[in-house]
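K.L.:
Predicted coordinates and the sequence they were generated for:
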Amino acid sequence: MADFAYRLPQERRLVTELPGPRSAALTERRKRAVGAGVASSVPVYAADVDGGVVVDVDGNSFIDLGSGIAVTTVGGSDSAVVSAVQEQVAHFTHTCFMVTPYEGYVAVAEKLADITPGDHEKRTVLFNSGAEAVENAIKIARNATGRSAVVVFDHAYHGRTNLTMALTAKNLPYKDGFGPFAPDVHRVPMSYPFREGMNHDGTAVTGTQAAERAIAQIDKQVGAHNVAAIIIEPIQGEGGFIVPAPGFLPAIAQWSRDNGIVFVADEIQTGFARTGDWFACDAEDVVPDLITLAKGMAGGMPLAAVTGRAELIDAVHGGGLGGTYGGNPVACAGALAAIARMEKLDLCGRAREIEQIAKSRLNAAAADIDVIGEVRGRGGMIAVELIQPGTRDPHPEATRAVAAKALEQGVIVLTCGTYGNVVRLLPPLVVSDDLLIEGLDVLIGAIRAVADASILTGAAR
Ligand SMILES: *Cc1c(COP(=O)(O)O)cnc(C)c1O
């Protein structure tokens, strides 16, 4: 990103205590106006975002290692995205594609057919949110197969609507008290190398073995011929940036194909250059039947998609899919511009550089910080799993403390994981090397400080 022109100074700059007075005042207003069920990771309010920084309403400039959860891959105010959106908004904001169609929707569908895995005939339907895309992928799979069962994995996250809550693994905060959930959803074991048992002979469980374990459970508990779809995140997001062992995804995809099951890759978090390829499936040449997309796709505009095999998607009767706002023209303009930026700036290559920078620093730190259990991930999707020293027991208290300490020093990092013990890095892929390294050094300092604080050691608990 050496000669990339940023609009805002790419710097970490704290000018008030945190939160500053304006953010604190907004928090007071918010308490009286906004539902308490919507939680925010940080207590400061955004005023301006560009490249790798978020500037708050008090003038503090934070290094952004979260991208609003992998959304602002091209930055929060990329000039090409801004112009494309302004141009579209000046002409029309909405007609409803189901009433009067427009070119942007068609162009996004063409582009997605181009860049998603596989060179078969494809179709696309656009939606507003990731959860809505997932719901529609399941509708399409059930309609095409005439079957109803859906298979999902441990640690999975697929959204917060009723069907996607059923697909999501974690109770708190996503499901607790919100049942009953949609039926005929079956959960099977994931491949999670860091928390995987060993074979009897002491060798590590391979990806193929983990796939066989999941498949055996589907066969015994559901029956392959009842399964409409298997849906999986190729690298799990909210569940803890879990990268399955090599061979796991290809084996599940192949078994799905052999049994007439629709294999759905949920690439809502991993898609669009994030993992160093256009899509995370590309790393093992896995070709999903359907792929669900959102987050990084449209430069921050709300847009989601289901793209996949023409014969599956076209099997749905006219009017069976859609939505008032789905494929909004302003969001489509944002997507076309954001995807063009990813191509022009080679953000896939940039994600691989970010992986190298982040892993080399974090692995070096892991050698002498005993709460770091594992550093993992791919491209610009990197995780640090924190443990009680000397064990593999999760350390969620340390994880919360690390995120808080990093924020105190001007770095926004997110946490995740079934056990709440994973620090996850999702920097905008246009972040500069200098800013990224500064952010990583602050993070490593925060992990070191927390590891040293006796109150958080295993012995003190
Ligand atoms: C964020 C996410 C979703 C849900 O997307 P929303 O736009 O929040 O509805 C679904 N699947 C994965 C893998 C996600 O990361």
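P.N.:
That came in fine, so what should we check first? Just so it is clear, the model here is predicted, and its values are computed rather than measured.

K.L.:
Whatever residue of the chain ends up closest to the ligand - how many residues pack around it?
P.N.:
As assessed by C-beta to the nearest ligand atom, the ligand sits closest to Gly130 within the chain, at 2.2 Å. In short, each C-beta sits where N, CA and C put it, glycine included. Residues near Gly130, counting by other C-beta atoms under 10 Å, number 28.

K.L.:
Can you name the residues that contact it?
P.N.:
For Gly130, the contact set (C-beta atoms under 8 Å, 6 or more residues apart in numbering) comprises 158-159, 266, 268, 292, 294-295, 304.

K.L.:
Tabulate these (a markdown table), appending secondary structure, distance to Gly118 and neighbour count.
P.N.:
As requested, these are exported to a markdown table (DSSP: H, G, I helix; E, B strand; the rest coil; distance: C-beta to C-beta, whole Å; neighbours: other C-beta atoms under 10 Å):
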| residue | secondary structure | distance to Gly118 | neighbour count |
| --- | --- | --- | --- |
| His158 | coil | 22 | 31 |
| Gly159 | coil | 24 | 24 |
| Asp266 | strand | 16 | 30 |
| Ile268 | coil | 18 | 28 |
| Thr292 | strand | 15 | 30 |
| Ala294 | coil | 20 | 27 |
| Lys295 | helix | 21 | 26 |
| Ala304 | strand | 20 | 25 |
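
K.L.:
Let me see the contact set for Phe151.
P.N.:
Residue 151: Val, not Phe. 185-188, 218, 222, 227, 229-231, 261.

K.L.:
What helix or strand is it located in?
P.N.:
Per DSSP states H and E: Val151 is located in strand 149-153.

K.L.:
one step back: so which of the contacts of Val151 wins on neighbours?
P.N.:
Of those, with other C-beta under 10 Å as the count, Ile230 tops at 29 neighbours.

K.L.:
isn't that residue right next to Ala265, touching?
P.N.:
No. If you go by C-beta atoms under 8 Å, Ile230 and Ala265 don't touch, sitting 9.8 Å apart.

K.L.:
related to what we said a few turns ago, now for the contacts of Val151: which two are most distant?
P.N.:
Using C-beta to C-beta, those span at most 15.7 Å, a distance reached by Arg187 and Ile261.

K.L.:
which residues of the stretch 351-461 of the chain score low on pLDDT?
P.N.:
Under the criterion pLDDT under 70, the flagged ranges of the stretch 351-461 of the chain are 454-461.

K.L.:
What segments of the stretch 251-400 of the chain are strands?
P.N.:
262-266, 290-293, 304-309, 372-378, 381-386 (DSSP state E, counting those that start in this stretch).

K.L.:
Compile the ones you listed into CSV and extend it with columns for distance to Arg30.
P.N.:
Shown next, in CSV, are the strands of the stretch 251-400 of the chain (distance: least, C-beta to C-beta, whole Å):
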stretch, distance to Arg30
strand 262-266, 31
strand 290-293, 31
strand 304-309, 27
strand 372-378, 33
strand 381-386, 30
